[in-house]
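Asks: quick one, fold the following:
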Amino acid sequence: CQMYSYEVKAKNSCSLDGVASGTPANAVVVPDLSQTFTNTKLLKASKGYYNDQVKLEWSNNNGSRVEYFKIYRKVYESADDSVLIASQNSSTAVFSDYSAEPGVYYMYYIQAEATCNGDIIKSNISSDIGFKSPTGIVNGHIDYTGGIAVKNAKVLVTKSSGSTGSSLQFDGTNDYTAVLNKPNLNPSAISIEAWVRTSATKSGNYLISKGTAYELLIDNKQPVFKLNNGALNLKFNVDTIEQNNWVHVAATYDGSIAKIYVDGKLKTSQAFTAAIASNSDSLFIGANSAKTNFFAGNIDEIRIWNTARTEEEISRDYGRILNGDETGLVASWGADENVGRYLFDRSKTGNSFNENHGFLRNSPSWSITIPTSSQLGYIGITDENGDYTINGIRYSLAGENLKLTPLLGTHKFTPTNKVVFIGTGSNIHNNMDFEDVSSFTVTGTVRFAQTTCYEEEVILNIDGEAVVKSGELVKTDANGAFTVSVPI
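Replies: Residues are numbered from 1 along each chain as shown. Below you'll find the predicted structure:
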């Protein structure tokens, strides 16, 4: 902002210094802030990356002219006016909103301002969606009566008042979700997985497509995995995907063999040795890249990995909601937004968020039709010591009551479940222990054959697994005696 004075003089040969026109005229050059924010210089808000805050970062084209930034906020897609939540000086390019409600989606706006000759000059506006996603942690232990550790028991977390969440519903006619190309969507090894519920039995029911690189689809009732423009066309030739039923479908490729899984079980495989084609195409959810075939039904919990997950990993995790920071995970779309036109990626690599966000095209809708809590949820699995940890349990607003239920085949536990409140100020729960009462006690001794010499320190095994009690291997005592709990 600069004021200038202008004066006109008339000059001729008789008046070399000129004759002034009179009182000088003053004029102010007002700074132009209309292009302060652009497509590359803009506001970015965090999308569930932090438990306690929404982090805002921005860049701009008029740093030397701007005096301060005004930040506004409103609930996303509400009719309310936005409200001012912060005023930051021009040397700042970051702000943390700690007052945001957990799980609530907000639209944030930023506008630069400067003063000039007593007037306030305002810039154009940049906006972005942001939200915080607080999480809780539950730890515990399960053992048989008598203290023997229970391995591979599951602890299922469910809402005490029923399941909540959402999925994406596609009409099979023209709607889809587009994810812009990034290098990490062109891996050399791959795993693709999603929960699907078809509403029509047809060919070309596309789940995931990245053009000539890779595709996963349902052909009538049969899953198909394609690589390199169909050079690999692996199909499980058994009707598996029944209409209006939730099913988990996964495909993997490690550079030598391609595999298809359904509900965590390997169904078919084929040798293939070509490198996965790399391209600059967008990734499409619910359509092929040519947008000539569209998915009809619901899709939920979609993941892409840059590794070929093992059969054990697929079986273990297909029914689990993951944190997003698992090794090799390059995109993870939980589809729990239930509002707006965006599908947000919650995955991260190290400390960097992958940000493979999707854009809803031609209005796929949000649906409360989701897999049951027994199909998909937060699950802990006990290790050889009987210990389990469930982290990354997301909650909304101040918190909610969650039920913990232990499961292992037909085994029975006491208590049958526990209810805990996970929320603000109460997001970590330790010692959530259970006892497996489906066992009987076996006692005996170990001695050398045809002798009366009893052996000490012999390790006991059940079904090929070493028996653990209180974190220690169960062994025979000095008299060769032992006591173990054996599952029914």
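Asks: skipping adjacent residues, who's closest to the most centrally placed residue in the chain in space?
Replies: Centroid-nearest residue in the chain, with C-alpha atoms, centre = their mean: residue 346, separated by 3.1 Å. Leaving aside its sequence neighbours, residue 346 sits nearest to residue 324 (C-beta to C-beta, 6 or more residues apart in numbering; 4.1 Å). Any C-beta I mention is one placed from the backbone N, CA and C, and that applies to glycine too.
Asks: if we can go back for a sec, contacting residues for the residue nearest to the centre of the chain?
Replies: Neighbour list for residue 346: 47-49, 133, 324, 332-334 [criterion: C-beta atoms under 8 Å, 6 or more residues apart in numbering].
Asks: show the contacting residues for the residue nearest to residue 346.
Replies: By C-beta under 8 Å, 6+ apart, the residues touching residue 324 are 332, 346-348, 392.
Asks: which of the residues you listed has the largest number of neighbours?
Replies: Using other C-beta atoms under 10 Å as the neighbour test, the contacts of residue 324 are led by residue 346, with 25 neighbours.
Asks: for residue 233, the count of nearby residues, please.
Replies: 16.
Asks: show me the contacts of residue 324 that map onto strands.
Replies: Taking DSSP state E, the ones among these that sit in strands are 332, 348, 392.
Asks: quick check, nearest of those residues to residue 300?
Replies: Nearest to residue 300 out of these is residue 332 (C-beta to C-beta; 11.8 Å).
Asks: quick one: average confidence on stretch 457-473?
Replies: Stretch 457-473 comes out with an average pLDDT of 88.
Asks: burial measure for residue 382, as a count.
Replies: 24.
Asks: same check on the one 4 residues further on?
Replies: Here the count is done by other C-beta under 10 Å, and residue 386 has 25 residues near it.
Asks: next: the one 10 residues further on.
Replies: A count of neighbours around residue 396, defined by other C-beta under 10 Å, yields 15.
Asks: does it really touch residue 102, like I thought?
Replies: Yes - counting by C-beta atoms under 8 Å, residue 102 is a contact partner of residue 396 at 5.7 Å.
Asks: now do residue 30, the pLDDT please.
Replies: If you check residue 30, the pLDDT there is 83.
Asks: same question, residue 488
Replies: For residue 488, pLDDT reads 76.
Asks: cool, residue 219 as well?
Replies: Reported pLDDT for residue 219: 97.
Asks: next one: the spatially closest residue to it that is not a sequence neighbour relative to residue 293, how far apart?
Replies: In space, and not counting its chain neighbours, residue 219 is closest to residue 203: 5.1 Å by C-beta to C-beta, 6+ apart. Using C-beta to C-beta, to the nearest Å, residue 203 is found at 8 Å from residue 293.
Asks: the two - which one has more neighbours?
Replies: Between residue 203 and residue 293, residue 293 has the larger neighbour count (other C-beta under 10 Å), namely 19 against 11.
Asks: not counting sequence-adjacent ones, nearest residue to the more buried one?
Replies: According to C-beta to C-beta, 6+ apart, the nearest residue to residue 293 is residue 204 (3.4 Å).
Asks: I figured that neighbour hits residue 219, correct?
Replies: Yes - the pair residue 204 / residue 219 is scored as a contact, 7.2 Å apart, by C-beta under 8 Å.
Asks: would you list the contacts of residue 324 in TSV and tack on pLDDT and distance to residue 107?
Replies: As requested, the contacts of residue 324 are exported to TSV (pLDDT from 0 to 100; distance: C-beta to C-beta, whole Å):
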residue	pLDDT	distance to residue 107
332	98	23
346	95	19
347	96	23
348	95	23
392	91	26
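Asks: could I get those as JSON lines with distance to residue 360?
Replies: Formatted as JSON lines, the contacts of residue 324 follow (distance: C-beta to C-beta, whole Å):
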{"residue": "332", "distance to residue 360": "17"}
{"residue": "346", "distance to residue 360": "17"}
{"residue": "347", "distance to residue 360": "19"}
{"residue": "348", "distance to residue 360": "23"}
{"residue": "392", "distance to residue 360": "25"}
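Asks: now, which of those sits nearest residue 473?
Replies: Looking across the contacts of residue 324 and measuring by C-beta to C-beta, the closest to residue 473 is residue 392, at 31.5 Å.
Asks: run through the residues that contact residue 219.
Replies: 203-205, 235.
Asks: relative to residue 177, how far out is it?
Replies: Plainly put, residue 219 is 21 Å away from residue 177 if you go by C-beta to C-beta.
Asks: next: residue 97.
Replies: Computed with C-beta to C-beta, the distance linking residue 97 and residue 177 is 27 Å.
Asks: higher neighbour count, these two?
Replies: Using other C-beta under 10 Å as the criterion, residue 97 and residue 177 rank with residue 177 on top: 27 against 20.
Asks: in this structure the more buried one contacts residue 362, no?
Replies: No - Residue 177 is beyond contact range of residue 362, at 9.9 Å (criterion: C-beta under 8 Å).
Asks: so who does residue 316 touch?
Replies: Here residue 316 is in contact with 264, 381 (criterion: C-beta under 8 Å, 6+ apart).
Asks: which stretches of the stretch 101-250 of the chain have low pLDDT?
Replies: 160-163 (pLDDT under 70).
Asks: what about the strands in it?
Replies: Under the criterion DSSP state E, counting those that start in this stretch, the stretch 101-250 of the chain carries strands at the ranges 106-116, 119-130, 135-144, 154-159, 167-171, 176-179, 190-198, 205-209, 214-219, 222-227, 232-235, 247-253.
Asks: ok, and the closest non-adjacent residue to residue 156?
Replies: That would be residue 405: by C-beta to C-beta, 6+ apart, it lies 4.8 Å from residue 156.
Asks: perfect, I'm done here.
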